[in-house]
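Engineer: mind folding the following:
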Amino acid sequence: MSLPSLSIKHPVFAWMLTAAIFLFGGIAFSKLGISLLPDVDYPYVSVSVDYPGASPELVESDITEILEGALSSVEGVRKMTSSSNYGSSRVTLEFNIKKDINFALQEVQSAAQIAFRQLPQGVEAPTVRKTNPEDQPILWVTLAGTVSKRDLMLFARNSVKDRFTAIEGVSDVQLGGYIDPAVRIWVDPKKLQAYELTHDDIVSTLTAEHIELPAGRIIRDKDEIALRFQGEAPDIETLGNIPITRRSGQALYRTIPLKAVARIEAGLEDVRRFARSQGKEAIGLGITKQRGTNSVAVADRVVATMKSISLPPGYKLEVNFDTTQAIRHSIFELIFTLCLSVGLTAFVCWLFLGSLSSTMNIIIAIPTSLLGTFLAFSWLGYTLNNFTMLALILGVGLVVDDAIMVLENIFRWRGLEKNTTLAALKGTEQVLGPALATSLAVLAIFLPVVYVSGIIGAYLAQFAIALSISVAVSTLEALTFTPMRLANFKDSGPVKGLPKRFGIWVDKSSAAYSRLVTRLYSHPLKVYATLFAVCALSFAVVMTLPRELAPDADVDAISARAELPLGTSLAETGRRLEQVEKIVLAEPGVARAYTVIGGFGGG
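Structural biologist: Residues are numbered from 1 along each chain as shown. Got it, this is the predicted structure:
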């Protein structure tokens with residue numbers, strides 16, 4: 001039994017299948033993620049190593065060169081670049097696009113761990129990351145306040161960051177301009193000399209006394225209790241009372257408290273970075289979403305969480321940069337274009353068919369194909385992005401082709417057969433081959449795009465697959481649901497009104513076109529010469545067009561990077577950029593300005 005016969009003889013089954021596509025497709029659409037671009041792993045892996053206090057020259061010789069030597073053994077590396085900065089080294093590897101980037105990440109991690117054993121003491125463990133646009137913050141929130149820097153850092157790390165991390169769909173929260181809180185001990189050299197102590201005595205005292213250690217466990221009949229030695233000072237006062245018990249490794253017979261030779265204060269680590277918002281010192285919190293989640297929904301939940309946070313007096317929490325605004329505008333325009341294309345397709349079908357009932361039978365193919373495609377998206381893990389939405393917009397005109405072909409032939413058979421069911425069956429089975437051939441021709445054009453290499457090939461793969469799925473679903477709809485509906489519904493009557501007048505104009509245009517083609521038949525050489533000239537000219541124009549990964553887009557934001565001469569102090573850098581901020585904020589079109597000096601840090 002053929003598909004058309006199965007659908008026509010069992011209309012309830014066909015209607016239930018249509019309802020299932022609408023129901024589950026609608027559910028899938030409501031749960032699809034929204035993003036600007038497809039989730040594609042770039043063939044880049046970066047290795048970052050921090051060496052606090054080291055000069056760029058020392059970082060280059062003691063870290064970067066060792067990392068480059070170890071990472072050069074990783075298979076599939078096309079290009080390696082490195083940078084050595086004050087206190088940090090970064091090596092970036094570019095791989096062949098065909099290499100599995102997750103497997104490459106594991107190889108790089110193994111090589112980085114081997115290199116870590118050869119690095120000097122004091123070097124922090126390597127951080128290995130792969131590059132993906134989806135891993136960039138979608139939202140930057142700034143926390144500012146008329147409080148001390150330490151209080152601002154602690155509040156951002158302990159109160160605000162944890163609230164954002166717990167939001168559904170948030171994978172990470174970066175801290176821009178963050179400095180870890182620290183306790184500073186300022187030793188007085190004169191007092192140290194008076195007690196005949198050295199700095200090593202202070203360090204050894206803190207190492208021995210200011211420490212928390214496991215102390216074993218107590219095992220009883222029914223339970224056991226873990227013990228620990230709480231030797232860390234809970235506050236500044238207790239830390240100051242820690243006794244210095246040894247001098248040059250020898251025991252002291254009198255108690256000298258630490259505060260007798262040093263001033264102890266709660267402060268911050270060495271300031272190597274800071275951030276400003278609207279010209280005032282602040283901390284930036286970059287919200288990174290999880291892969292495949294809805295960027296717009298995550299941003300909305302972040303904003304709602306911001307409003308629910310009870311800020312103490314002196315604190316201010318604001319959205320500084322929201323990338324989802326561009327996504328909202330882009331997706332809205334695409335959805336509007338999709339709806340407009342559906343409306344225009346319906347109008348054109350009505351003009352040519354001259355029947356509202358026939359037009360409705362054709363237009364039903366569009367939501368059926370789109371919702372079926374959304375269902376496939378949920379299985380494939382695709383999101384609604386510029387590439388998949390553009391595929392659906394292009395597919396709107398293609399998905400009605402098969403339905404129009406089937407409808408026209410069924411109406412032809414209605415003039416030969418009085419039985420509408422038999423006319424629907426014969427009319428559909430007669431064009432079954434051409435309908436399949438038309439759809440397979442479209443698939444043959446777009447599916448090979450999946451094999452295009454490079455990053456743009458990964459983007460176009462989703463475009464091609466989305467378009468192919470919509471065409472395949474439309475073919476299924478044209479060969480099953482369309483004949484079933486036409487077998488059970490009558491035509492609305494003779495053509496009249498605007499479609500009738502349009503039909504008269506089409507007949508006249510067809511006659512004029514026939515006369516033109518007849519004349520062209522008598523000049524084949526001229527026709528071929530014109531064809532080849534147009535093809536050659538088109539090819540020449542294409543070769544002169546500029547090339548880029550994606551078209552320019554206005555996201556209402558400008559990102560700039562400033563680099564001062566090597567050796568410029570952090571304070572001088574801050575003063576220079578403060579002048580830039582004043583110039584930028586003086587512009588009438590600028591709403592906000594956020595500056596990070598010294599790079600990003602996290603807590």
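
Engineer: run through the stretch 51-200 of the chain and note the low-pLDDT ranges.
Structural biologist: 133-134 (pLDDT under 70).

Engineer: so what's T373 up against?
Structural biologist: 25, 392, 395, 466, 469-470, 473 (Cβ atoms under 8 Å, 6 or more residues apart in numbering). C-beta coordinates here come from the backbone N, C-alpha and C atoms, glycine included.

Engineer: would you list those residues in TSV and tack on neighbour count and pLDDT?
Structural biologist: Converted to TSV, the contacts of T373 look like this (neighbours: other Cβ atoms under 10 Å; pLDDT from 0 to 100):
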residue	neighbour count	pLDDT
G25	23	89
L392	26	85
G395	26	80
A466	28	90
I469	24	91
S470	25	89
V473	23	88
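
Engineer: which of the residues you listed lies closest to V261?
Structural biologist: Nearest to V261 among those: A466, at 71.6 Å, using Cβ to Cβ.

Engineer: tell me the SS of the closest one?
Structural biologist: Under DSSP: H, G, I helix; E, B strand; the rest coil, A466 falls in the helix class.

Engineer: name the nearest residue to it, ignoring sequence neighbours.
Structural biologist: Excluding the flanking residues, the one nearest A466 by Cβ to Cβ, 6 or more residues apart in numbering is A391, at 3.8 Å.

Engineer: thinking again about what came up before, please flag which of the contacts of T373 sit within helices.
Structural biologist: 25, 392, 395, 466, 469-470, 473 (DSSP state H).

Engineer: could I get those in TSV, plus columns for distance to A326?
Structural biologist: As requested, the ones in helices among the contacts of T373 are exported to TSV (distance: Cβ to Cβ, whole Å):
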residue	distance to A326
G25	27
L392	20
G395	24
A466	21
I469	27
S470	26
V473	30
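
Engineer: which one of these is nearest to S48?
Structural biologist: S48 lies nearest to A466 out of those, by Cβ to Cβ, at 36.2 Å.

Engineer: distance check, that closest one against G122.
Structural biologist: Distance, A466 to G122, by Cβ to Cβ, to the nearest Å: 52 Å.

Engineer: could you do G286 as well?
Structural biologist: Following Cβ to Cβ, the distance that separates G286 from G122 is 28 Å.

Engineer: and for V147?
Structural biologist: 32 Å.

Engineer: what about these two, which has more around it?
Structural biologist: For V147 versus G122, neighbours defined as other Cβ atoms under 10 Å are more numerous around V147 (14 against 10).

Engineer: surely the more buried one and L311 touch.
Structural biologist: No - applying Cβ atoms under 8 Å, one finds V147 not in contact with L311, separated by 10.9 Å.

Engineer: what's in contact with stretch 127-140?
Structural biologist: 35-37, 39-42, 44-49, 101-102, 104-105, 108-109, 112, 174, 176, 284-289, 291, 295, 298-299, 302, 319-324, 594.

Engineer: show me which residues of that stretch are buried.
Structural biologist: 128, 130, 134-135, 137-140 (16 or more other Cβ atoms under 10 Å).

Engineer: could you dump those residues into JSON lines with secondary structure added?
Structural biologist: Shown next, in JSON lines, are those (three-state DSSP):
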{"residue": "V128", "secondary structure": "strand"}
{"residue": "K130", "secondary structure": "strand"}
{"residue": "E134", "secondary structure": "helix"}
{"residue": "D135", "secondary structure": "helix"}
{"residue": "P137", "secondary structure": "coil"}
{"residue": "I138", "secondary structure": "coil"}
{"residue": "L139", "secondary structure": "strand"}
{"residue": "W140", "secondary structure": "strand"}
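
Engineer: ends of stretch 585-593, how far apart?
Structural biologist: Distance across stretch 585-593, first residue to last, is 7 Å (Cα to Cα, to the nearest Å).

Engineer: stretch 189-201 too?
Structural biologist: Stretch 189-201 end-to-end distance (Cα to Cα) = 13 Å.

Engineer: do stretch 55-70 as well
Structural biologist: 22 Å.

Engineer: stretch 412-421 too?
Structural biologist: So stretch 412-421: terminal residues 13 Å apart, Cα to Cα.

Engineer: can you give me how far that stretch is from the chain middle?
Structural biologist: 54 Å (Cα atoms, centre = their mean, to the nearest Å).

Engineer: which parts of stretch 450-467 are buried?
Structural biologist: Neighbour counts over stretch 450-467 (16+ other Cβ under 10 Å) mark 458-467 as buried.

Engineer: could you single out the nearest of these to I504?
Structural biologist: L467 (35.7 Å).

Engineer: burial count for the residue lying closest to the closest one once chain neighbours are set aside?
Structural biologist: Among residues not flanking L467 along the chain, A391 sits closest, at 4.1 Å (Cβ to Cβ, 6+ apart). A391 has 22 neighbouring residues, counting by other Cβ under 10 Å.

Engineer: with P189 instead?
Structural biologist: Using other Cβ under 10 Å, P189 has 9 other residues around it.

Engineer: list the contacts for it?
Structural biologist: Residues near P189 by Cβ under 8 Å, 6+ apart: none.

Engineer: now it: how far from S35?
Structural biologist: In this view, P189 and S35 are 59 Å apart by Cβ to Cβ.

Engineer: pLDDT weak spots in the stretch 201-350 of the chain?
Structural biologist: Looking at the stretch 201-350 of the chain by pLDDT under 70, you get 210-223, 225-233.

Engineer: and the stretch 451-600 of the chain, by the same measure?
Structural biologist: Residues of the stretch 451-600 of the chain that meet the cut-off, pLDDT under 70, sit at 489-496, 549-555, 599-600.

Engineer: how about the secondary structure of the residue sitting furthest away from the middle of the chain?
Structural biologist: In the chain, the greatest distance from the average C-alpha position (Cα atoms, centre = their mean) is reached by Y253, at 64.5 Å. Secondary structure, three-state DSSP: Y253 is strand.

Engineer: how much space separates it from A591?
Structural biologist: In this view, Y253 and A591 are 68 Å apart by Cβ to Cβ.

Engineer: do A571 as well
Structural biologist: 28 Å.

Engineer: for the stretch 1-150 of the chain, just list every one of the helices.
Structural biologist: Assigned by DSSP state H, counting those that start in this stretch, the stretch 1-150 of the chain shows helices spanning 3-9, 11-31, 56-59, 65-71, 101-116, 149-155.

Engineer: so which elements touch the fourth one?
Structural biologist: In terms of contacts (3 or more Cβ pairs under 8 Å, 6 or more residues apart in numbering; DSSP states H and E), helix 65-71 is packed against strand 44-50, strand 77-85, strand 88-95, helix 101-116.

Engineer: rerun at 6 Å
Structural biologist: Counting contacts by 3 or more Cβ pairs under 6 Å, 6 or more residues apart in numbering; DSSP states H and E, helix 65-71 packs against helix 101-116.

Engineer: same question, the last one
Structural biologist: Counting contacts by 3+ Cβ pairs under 6 Å, 6+ apart, the secondary-structure elements packed against helix 149-155 are strand 181-187.

Engineer: the strand it packs on pairs with which strands, parallel or anti?
Structural biologist: Paired strands of strand 181-187, with direction, are strand 262-268 (antiparallel) (DSSP bridges).

Engineer: quick one: buried residues of the partner strand?
Structural biologist: 262, 264, 267-268.

Engineer: which of those residues lies closest to F502?
Structural biologist: L268 (76.2 Å).

Engineer: need the three-state assignment for the residue nearest to that closest one when sequence neighbours are not counted.
Structural biologist: Nearest residue to L268, sequence neighbours excluded (Cβ to Cβ, 6+ apart): I179, at 4.6 Å. The local conformation at I179, judged by three-state DSSP, is coil.

Engineer: stretch 145-153: end-to-end distance?
Structural biologist: With Cα to Cα as the measure, stretch 145-153 spans 11 Å from end to end.
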